[in-house]
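Chemist: With the input below, show me the fold.
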Amino acid sequence: MQERQAVEQHLTRQTGAAIRVGVVFVHGIGQQSESYTVREFGGPLLHWLQEWHGRRGSDLCVTSSDLTYGELAERPARFTIDLEKVDGHPAQKWFLAEAWWAARLSAPNLDEMTWWGLKSAFVRCLRLAEVVVDSFRKLPQSPKAIIEVASSVLLFLGYVAAAILSIPLILGLYVLAQIPGPVEQAVMGLRNFFLDQVGDFYTFMWDDIQAVHIRGSVAAAIRFLVEKGECERIAVVAHSQGTVVAYDALCSDAVLPADLARVTTFVTFGSALNNAWDKRLVPARTCRLNKALPPGIHWINVWSAYDPVSGGELRITSPIRPPDEELPVTNWLNVILDHGGYFTNREEFLSRVAQELESPGARHASRFFPKDGEKAWIDRRRDRLLTLVTWRVVAMLAFVVSVIARIRAADRLRADGEAVWAWLMALPLVGGLVTFVDQHAAWFAWTERLGARLLGIGFWLVVLGAAYIAVSWLAFVPWHDNAGQRSAGTGRPPASQRAIVLASSLAMFFAIAVGAIVMIQAPALRRP
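Modeler: Numbering: from 1, shown residues only. Below is the predicted model:
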C-alpha cells in the first residue's frame, strides 16, 4: 500500500501545474462489491474520452489506479487520468473515485418490505399514467409521437399487470416458506435477493441511524480527494438510490464546510429523489432531505421517461431548490434497459458529463463540446431509437395476431402447451416438481385449457422472442454504435438517416412476418 501511495504522490508532483478535478461516483441499490462502482461508472466515461482523443489522433491513458479487493489498501478505490493542454484549454488531472456504501447497511425484514413494495408499485402506476397522458399531449406535434404513445401505453399496461401478478406471487412465497427443506431454502434465497436489491431505499428512508452512517461514505470520499488528491474542485455523480445518499450528504452537515466549498457540480441520473420526497413512501417523522442544496453547487438532473426509478423530472416543493438543469435523454425507450442505459448514451450523457467535469457551468467552452453543436447528433440518436421501438411494437402486434390465429386453427396453442408440460415432466429434477403440481395442484393453472394455452404462449414467446432479439441486435447495434462513436469525432452528423431507416425496417418487418407465419403454420408440438 505504501508503494502505491508513493507512486500516486510522485505522479501528483509531476502534474503540479495541472488543475486537479475530483469525481465521486455514488452507486445505487444492490450489493455492489468494493471497486465495482469506479470501474462501472468510470470505465464508460474513460472509453468515451479515449474515443474522443483517438478521433483526433492522440491517446489517453490511465496514469494510476488503486482499487481494493479485500487486501490492505487505502480507500476509496480510484484511478487518475491526465488531460493535456490543448487550444487554450489548460491541463487537468482527474481523480475518479467511488463512494461505496453497499456494505454500510442491514436490510429490513420481509414483512415491512412487502407492504411498502406494494404501495410503491401503486404509486409508480400512477406516475406511468401521467407519462401516457403526456405522450398523448405530444401527439399533434409530430407523427413520431404515435410510436411514443403506443410504447407508453404498453409500458403502463405491462407495469400494472406485473404489479397485480406480484400479489399472488408474494403470497405463494409466504406459503412455500413454511415447507422445510430445499423449498424453504430456495424461497429464503429469493427473499434475501429481493431485500438486498430493493430494501436499500426503504432502509435509508425509514432507518435514520443507518442512513446517517451510509451518507458518511460520500463525505469520506470527498475528504480524501481534498486532503490527499489536493483537488481544487469536486463533482459528485450519483445514480438511482445513490442520488438520495449523495443529496442527503451534501445538504446536511456530513461534509465538512471547507470540503463542501470545493464541490462545484452535482450530477444525478436515474434519480430516486422523487420517491424520497413522495410523502406516500417515506415516514413523516424524518428530518433528512428537507433542506436545499448549497447555492454554489451546479445541479444537473438527467432522466429518461422510460426509467422506472426516476419517474420523469423532479417534483420539488419549497424549501428544496430545483435543479439548475433538467436534462431529459433518450436511452433505449425500454423500461428494462433505461435505468442502466445512461452509460451507453454517448451523445447525451457521457459527452455532457465530460463537458461539465472539464468546464463546470460553462460546458459550451469545453474542449469536448462539438464544434457544430450537439443537437443534430441527439436528433439522429432519437430517430434511430424510435425506429427500434417501431420494430418492437410491430413484433408485439404480430405475436398477438399469431396467438389468436394459432388458437383458432384447431387450438394448436393448447396442444403446444400440453406438449411442453409433458416435456417438462420428463426432465430430471424439474420433472418431479412438475408431476407433483400436475397431480395435486392442477387448480393452480386456473383451468386445464387456459393453463395449457398460457404455457403454449410462453413457449412461442421464448422462441420468437430470442429470434427477434438476435435479429434486431444484429440490425441495430452496429449501426447505432458506429453513429455514437462518430458523434465524438470532428465531422458533422449525416443530413438524414432516411435511407438506412427504410432499408433496415423493411428487413426487420420481413423477418417479423416470417416468424409470424412460422408460428401460425407450424404443426402442434409432439409429446415425448
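
Chemist: Retrieve the pLDDT associated with the nearest residue to residue 90 once chain neighbours are set aside.
Modeler: Nearest non-adjacent residue to residue 90, counting by C-beta to C-beta, 6 or more residues apart in numbering: residue 19, 5.7 Å away. In short, each C-beta sits where N, CA and C put it, glycine included. pLDDT for residue 19: 94.

Chemist: doesn't residue 93 make contact with residue 19?
Modeler: Yes: using C-beta atoms under 8 Å, residue 19 is in contact with residue 93, at 7.2 Å.

Chemist: what about the two, which has more around it?
Modeler: A count of neighbours by other C-beta atoms under 10 Å puts residue 93 above the other of residue 19 and residue 93, at 25 against 16.

Chemist: which ones are touching that one?
Modeler: Contact partners of residue 93, counting by C-beta atoms under 8 Å, 6 or more residues apart in numbering, are 12, 15, 18-21, 63, 80-83.

Chemist: May I have the secondary structure class of it?
Modeler: Assigned by DSSP: H, G, I helix; E, B strand; the rest coil, the conformation of residue 93 is strand.

Chemist: just for the stretch 401-528 of the chain, where's the confidence low?
Modeler: For the stretch 401-528 of the chain, the stretches with pLDDT under 70 are 428-449.

Chemist: All the strands of it, in order from the start?
Modeler: In the stretch 401-528 of the chain, no segments count as strands under DSSP state E, counting those that start in this stretch.

Chemist: what's the distance between residue 495 and residue 347?
Modeler: Here the criterion is C-beta to C-beta, to the nearest Å. By it, residue 495 lies 17 Å from residue 347.

Chemist: Which one of those two is surrounded by more residues?
Modeler: Using other C-beta under 10 Å, the more surrounded residue of residue 495 and residue 347 is residue 347, with 25 against 8.

Chemist: if I read this right, the more buried one contacts residue 487, doesn't it?
Modeler: Yes: applying C-beta under 8 Å as the test, residue 347 and residue 487 come out as touching, 4.9 Å apart.

Chemist: and residue 363, how many neighbours does it have?
Modeler: Per other C-beta under 10 Å, the neighbour tally for residue 363 reads 20.

Chemist: Now for it: which residues touch it?
Modeler: 352, 355-356, 369.

Chemist: Report the two of those separated the most.
Modeler: Longest distance between any two of the contacts of residue 363 is 10.5 Å, between 356 and 369; criterion C-beta to C-beta.

Chemist: Counting neighbours, go ahead and name the busier of these two.
Modeler: For residue 356 versus residue 369, the count of surrounding residues by other C-beta under 10 Å is larger for residue 356: 23 against 17.

Chemist: did I read that right, the more buried one in a helix?
Modeler: Yes: with three-state DSSP as the criterion, residue 356 is part of a helix.

Chemist: and it, what is it in contact with?
Modeler: For residue 356, the contact set (C-beta under 8 Å, 6+ apart) comprises 235, 265, 267, 298, 300, 363, 366.

Chemist: gap between it and residue 311?
Modeler: Residue 356 is 23 Å from residue 311, by C-beta to C-beta.

Chemist: now swap in residue 230 and tell me
Modeler: 39 Å.

Chemist: ranges for the helices of the stretch 1-150 of the chain?
Modeler: Here the stretch 1-150 of the chain has its helices, by DSSP state H, counting those that start in this stretch, at 2-14, 36-54, 110-137, 145-176.

Chemist: who's in contact with the second one?
Modeler: Applying C-beta under 8 Å, 6+ apart, the external contacts of helix 36-54 come out as 23, 25-27, 59-60, 62, 67, 76-79, 81, 96-100, 237, 239, 343-344, 346, 350-351, 353-354, 368, 485, 488.

Chemist: hmm, back to that, can you put the contacts of residue 363 in CSV and add distance to residue 251 and pLDDT?
Modeler: Shown next, in CSV, are the contacts of residue 363 (distance: C-beta to C-beta, whole Å; pLDDT from 0 to 100):
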residue, distance to residue 251, pLDDT
352, 23, 97
355, 25, 97
356, 20, 96
369, 30, 95
